[in-house]
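S.K.: how would this look folded up:
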Amino acid sequence: MSRVAGAVKGAIGAPIGFWRGLSYPFRGMGFVFGKHPELARIWVFPIFITFVAFIGAVWGAWELQDDVVNYFWAEPTGDGFWAGAGRLAHGFLELLAFLILLVTSFFAVLGLSSVFAAPFNDALSEEVERLTTGRAGPPFTFRALTRDLLRTVGLELTKLVIYLAVMIPLFMLSFALPGVGQILYSVVGFLFTALYFAIDYIDWPAARGNKALGYRSQVLKERFAACFGFGTGVFLFLWVPFLNLFFMPAAVAGGTLLFLDLEGEGAGAQGLALRGTPDAESATV
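M.R.: As a prediction, this is how the structure comes out:
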């Protein structure tokens, strides 16, 4: 009977947990852009770099589309119906090449900008934690700065390599299995990316707190719905024009707020705190 009750409780709690998790990127956006605009001193520089990189990606995709298509098929010349149809098809392929190059460049920019922005993201996460808990961070020293710089960049590079190690073979498989492969890539790719984002943005405060690798597994096991909701929210940010430029500070702040609630230190800890934390007895989602 207790198993049935637990299953019913889990079935009810999962949607609630998902929607709570989904709210954190938006809570993060309100925190950094609404409640604490002074945090712009930390996030404005990486956003500027990302903006310039996005402009470069669009320009590069536009400049390369001709060369890519012409490498495989030179634009037809001459008069007549078939020549005109060929030029029309060639133009369509150029548009398709532009879109493919743009999407590829888009994800490349996101991956590289996350590495370049790592020290700023860590500093932003630390400041969000300080403002939320009132707990001051360690005093500034150049030695600590160097250590944190190496730690954050190394951590971000490691996570990026893991992400690519999963997504590149999955992308290749999508072409090996026409139809089914594309569906598999879309579904599995979305699920993995959402969970990757969840762990990625919780990792900033977790790494500062010297949380072991098993902590990430505990978070996914106990609060899968909330993590999936948070990662989905970050994923949705990426596809909203202009808003995607500001997704990173919002995601960093949202991930830090979620981490604090998981640890039982935040305002929304009730129902989210992991087992063994102060508010764990009331956790339901």
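S.K.: could you point out where the chain is predicted with low confidence?
M.R.: For the chain, the stretches flagged by pLDDT under 70 are 1-13, 137-149, 151-152, 174-175, 178-179, 182, 241-242, 265-285.
S.K.: which residue is nearest the middle of it?
M.R.: The chain has F197 as the residue nearest its centroid, 3.8 Å off, counting by CA atoms, centre = their mean.
S.K.: you'd agree that one is up against V234?
M.R.: Yes. Between F197 and V234 there is a contact at 4.2 Å, judged by CB atoms under 8 Å. The way it works is simple: take the backbone N, C-alpha and C, and place the C-beta from them, glycine included.
S.K.: can you list residues touching both of those two?
M.R.: With contacts defined as CB atoms under 8 Å, 6 or more residues apart in numbering, the residues adjacent to both F197 and V234 are A251.
S.K.: just to revisit the earlier point, which parts of the helix or strand harbouring the residue nearest to the centre of the chain are buried?
M.R.: Under the criterion of DSSP states H and E, F197 resides in helix 180-208. Within helix 180-208, the residues that qualify as buried are 181, 185, 193-208, counting by 16 or more other CB atoms under 10 Å.
S.K.: Could you report the neighbour count for G78?
M.R.: Here the count is done by other CB atoms under 10 Å, and G78 has 9 residues near it.
S.K.: which SS state does it fall under?
M.R.: coil (DSSP: H, G, I helix; E, B strand; the rest coil).
S.K.: Ramachandran coordinates for it?
M.R.: phi 100, psi -180 (degrees, to the nearest 10).
S.K.: Tell me who's in contact with it.
M.R.: Taking CB under 8 Å, 6+ apart, one finds nothing in contact with G78.
S.K.: 10 Å instead?
M.R.: 84, 86-87 (CB atoms under 10 Å, 6 or more residues apart in numbering).
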